[in-house]
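[1] Just need the structure, nothing else, for what follows:
(one chain, ligands or ions: 1)
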Amino acid sequence: MFVADCLQVNQEGHLCVEQRDVLELAAKYGTPLYVMSETQIRKNCRLYQDSLKRFYDGNGLALYASKAFCCKEICRIASDEEMGLDVVSGGELYTAVSAGFPSERIYFHGNNKTASELVAALEYGVGTIVVDNLEELEMLDRLAAAKNICQEIMLRVKPGVDAHTHNFIRTGQIDSKFGFALETGEAMAAVKKAVSCPHIILTGLHCHIGSQIFDTEPFLLTARIMVGFLAQIRKQVGCELRKLNLGGGFGIQYTPDQDPPAYEAYMKRVSTVIHETCSLLDFPTPFILMEPGRSIVGPAGITLYTVGAVKEIPGVRTYVSVDGGMTDNPRYALYQSEYQIMNAGLATQEKTMRVTLAGHCCESGDLIGENLPVQHLEKGDIVAVLSTGAYNYSMASHYNRMPNPPVIMVKADQDRVIVRRETWEDLVRMDV
Ligand code: LLP
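    Now for the predicted structure:
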């Protein structure tokens, strides 16, 4: 019935996150409200760490891709679970460092890092900077020289693999703004340049082919290509790079009909592919990095809204308007993403309605979904949208000057605020 283990139903038929009745949470904190399960996040982190141990002799590290959900408490949890961290901006880096995340386990990505972001990374002692382009490589070498630092880097490579996912979230193919292309020789030229930079230590390669991917084959093909490229580098440049970052992108179940492969099965297959390719090319098995974001936090979160107006347009559709929308979850507007919704107070009852769940912005496209099956809904009901833990809070906006909802973390039967609700005063705080 549910898309995540952290969701349950109590005797009253109310949806619960772990052991907390979400109707009580909505009453206590108000709506709209993001609710996350700490146990689920930790469990997901362990799945990655354990799979690396089980199928790859522990010769790797899972990094949490913080773009999926970045706040101090999530960084603390990732740190506690001994994950590494992928950050992609000065803001994410600052959040991680403020949360006490060990900087040597931070990997700093991004296709257009500014000089001040790179300086901050050098000053915080970021472990690895994932360099995207030649301008960045030159700038970083200069900035590191000025500080008399030798900075470890990886190079972002476009392996030329087309992952079958939404156009906006595909990144591995040649027509992508990220990284150096393999097939044009750009990546090899970048390797040569990097090894010649006196204040740069090239430790390996990074790639990421896209997000919400269900098919394991593109990942396996990518692993094969990247190991092949490592061997080619040894041949042409004479250096043996030992680290390979295979990126994130593992799909999660948003609706009951979706069936993502089990992560262990992926890890087992990718491990076999790497070992086979390495032995074929007589190359030492690299230390690998995995970079999951969505699959760590996505299933662990739900969003609660209060139903306002219900407009049935006979023969057309029923609009159910809620007190949030595209400002806290822009994913339907952006990618036509699918979600499972429910009346949180009638969680076990049959879904008898089909609704368009509409937000409260002054915008027709402000929808959470269309033609969604749901139990009976009327004004005042609490509706839950499931699997909103990834790319909702982190992609929230202030369109129409809507304050962002708070984030509540649940652990067993306890709840706590990890991000406070914004107020109207917060919205004018930067105005002069
Ligand atoms: N590593 C890199 C370099 C990435 O660019 C990303 C995601 C990840 C790791 C994590 O991928 P994940 O495991 O979460 O799929 N806003 C879109 C998703 C954009 C993903 C961007 N990069 C969405 O809401 O679906």
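
[2] hey, let's count contacts and neighbours off CA atoms from now on
    Will do.

[3] could you measure whichever residue of the stretch 1-150 of the chain sits closest to the ligand against residue 71, distance?
    Residue nearest to the ligand within the stretch 1-150 of the chain: residue 65 (5.1 Å; CA to the nearest ligand atom). Applying CA to CA, to the nearest Å, the value for residue 65 to residue 71 is 12 Å.

[4] what about the two, which has more around it?
    Neighbours were counted for residue 65 and for residue 71 using other CA atoms under 10 Å; residue 65 has more, 28 against 19.

[5] correct me, but that one touches residue 92?
    No: if you go by CA atoms under 8 Å, residue 65 and residue 92 don't touch, sitting 10.2 Å apart.

[6] Stretch 315-335: end-to-end distance?
    One end of stretch 315-335 sits 27 Å from the other (CA to CA).

[7] Okay, and residue 135 sits in which element?
    Following DSSP states H and E, the helix or strand that holds residue 135 is helix 134-146.

[8] Just name whatever secondary elements that helix is in contact with.
    If contacts are counted by 3 or more CA pairs under 8 Å, 6 or more residues apart in numbering; DSSP states H and E, helix 134-146 sits against helix 115-124, strand 200-206.

[9] ok, which residues in the stretch 1-150 of the chain are in contact with the ligand?
    Within the stretch 1-150 of the chain, the positions adjacent to the ligand are 65, 68 by CA under 6 Å from any ligand atom.

[10] one more time with 8 Å
    The stretch 1-150 of the chain comes close to the ligand at residues 64-68, 86, 109-110, as judged by CA under 8 Å from any ligand atom.

[11] Tell me the helix or strand right after the longest helix belonging to the chain.
    Longest helix of the chain, by residue count under DSSP state H: helix 217-237. Downstream of helix 217-237, the first helix or strand assigned by DSSP H and E is strand 243-245.

[12] That next one and the ligand, any residue contact?
    No: applying CA under 8 Å from any ligand atom, one finds strand 243-245 out of contact with the ligand, separated by at least 9.0 Å.

[13] by contact count, what packs against that strand?
    Packing contacts for strand 243-245, counted by 3+ CA pairs under 8 Å, 6+ apart, involve strand 200-206, strand 287-290.

[14] Please tabulate these in TSV, including the columns distance to the ligand and mean neighbour count.
    Formatted as TSV, those follow (distance: least, CA to the nearest ligand atom, whole Å; neighbours: other CA atoms under 10 Å):
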stretch	distance to the ligand	mean neighbour count
strand 200-206	8	23
strand 287-290	8	21
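
[15] Need those in a markdown table (columns: mean pLDDT and distance to residue 320).
    Listed next are these as a markdown table, based on pLDDT from 0 to 100; distance: least, CA to CA, whole Å:
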| stretch | mean pLDDT | distance to residue 320 |
| --- | --- | --- |
| strand 200-206 | 98 | 44 |
| strand 287-290 | 98 | 40 |
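
[16] Can I get those strands in JSON lines including distance to residue 231?
    What follows is these, written out as JSON lines (distance: least, CA to CA, whole Å):
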{"stretch": "strand 200-206", "distance to residue 231": "12"}
{"stretch": "strand 287-290", "distance to residue 231": "14"}
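
[17] Minimum distance to residue 384: which of these has it?
    The minimum distance between residue 384 and these falls on strand 287-290, with 30.9 Å, by CA to CA.

[18] Now find how far off-centre that closest one is within its chain.
    Strand 287-290 has its C-alpha centroid displaced from the chain centroid by 17 Å (CA atoms, centre = their mean, to the nearest Å).

[19] re the thing from before, adding distance to residue 385, write the helices and strands packed on helix 134-146 out as a markdown table.
    Output for these, formatted as a markdown table (distance: least, CA to CA, whole Å):
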| stretch | distance to residue 385 |
| --- | --- |
| helix 115-124 | 35 |
| strand 200-206 | 34 |
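
[20] So which of these is nearest residue 264?
    Nearest to residue 264 among the helices and strands packed on helix 134-146 is strand 200-206; the distance by CA to CA comes to 21.4 Å.

[21] And for that closest one, what's in contact with it?
    With CA atoms under 8 Å, 6 or more residues apart in numbering as the test, strand 200-206 has contacts from 130, 140-141, 144, 150-157, 191, 194-195, 226, 241-247.

[22] And for stretch 25-43?
    Stretch 25-43 is contacted by residues 5-6, 17-18, 77-78, 81, 296-297, 299-306, 323-324, 382, 389, 393, 405-412 when judged by CA under 8 Å, 6+ apart.

[23] before we move on, back to that, residues in contact with the helix holding residue 135?
    Outside helix 134-146, the residues that touch it by CA under 8 Å, 6+ apart are 112-113, 115, 118-119, 122, 131, 150-151, 190, 194, 197-200.

[24] In those, which residue is surrounded by the most others?
    residue 131 (29 neighbours).

[25] Correct me if wrong: that one contacts residue 152.
    No: Residue 131 is beyond contact range of residue 152, at 10.0 Å (criterion: CA under 8 Å).

[26] where along the stretch 51-200 of the chain do the helices fall?
    Counting by DSSP state H, counting those that start in this stretch, the segments of the stretch 51-200 of the chain that form helices are 72-80, 90-98, 115-124, 134-146, 186-196.

[27] Revised request: answer the last question for the stretch 201-350 of the chain.
    For the stretch 201-350 of the chain, the helices defined by DSSP H, counting those that start in this stretch cover 217-237, 263-281, 294-297, 331-335.

[28] Which elements pack onto the last one?
    Yep, that's helix 331-335 we're talking about. Short answer (3+ CA pairs under 8 Å, 6+ apart): helix 331-335 packs on strand 367-374.

[29] Point out the other elements, helices or strands, that the strand it packs on touches.
    Other helices and strands packing on strand 367-374, by 3+ CA pairs under 8 Å, 6+ apart, are helix 331-335, strand 341-343, strand 353-358.

[30] Tabulate these (TSV), appending distance to residue 288.
    Output for the helices and strands packed on strand 367-374, formatted as TSV (distance: least, CA to CA, whole Å):
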stretch	distance to residue 288
helix 331-335	31
strand 341-343	37
strand 353-358	42
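
[31] do you know which of the ones you listed lies nearest the ligand?
    Closest to the ligand of those, according to CA to the nearest ligand atom: helix 331-335, at 5.7 Å.

[32] So is the closest one next to the ligand?
    Yes: using CA under 8 Å from any ligand atom, helix 331-335 reaches the ligand at 331, 335.

[33] Buried residues in that helix, which are they?
    Within helix 331-335, the residues that count as buried by 16 or more other CA atoms under 10 Å are 331-333.

[34] got JSON lines for those, with pLDDT too?
    Listed next are these as JSON lines, based on pLDDT from 0 to 100:
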{"residue": "331", "pLDDT": "98"}
{"residue": "332", "pLDDT": "98"}
{"residue": "333", "pLDDT": "97"}
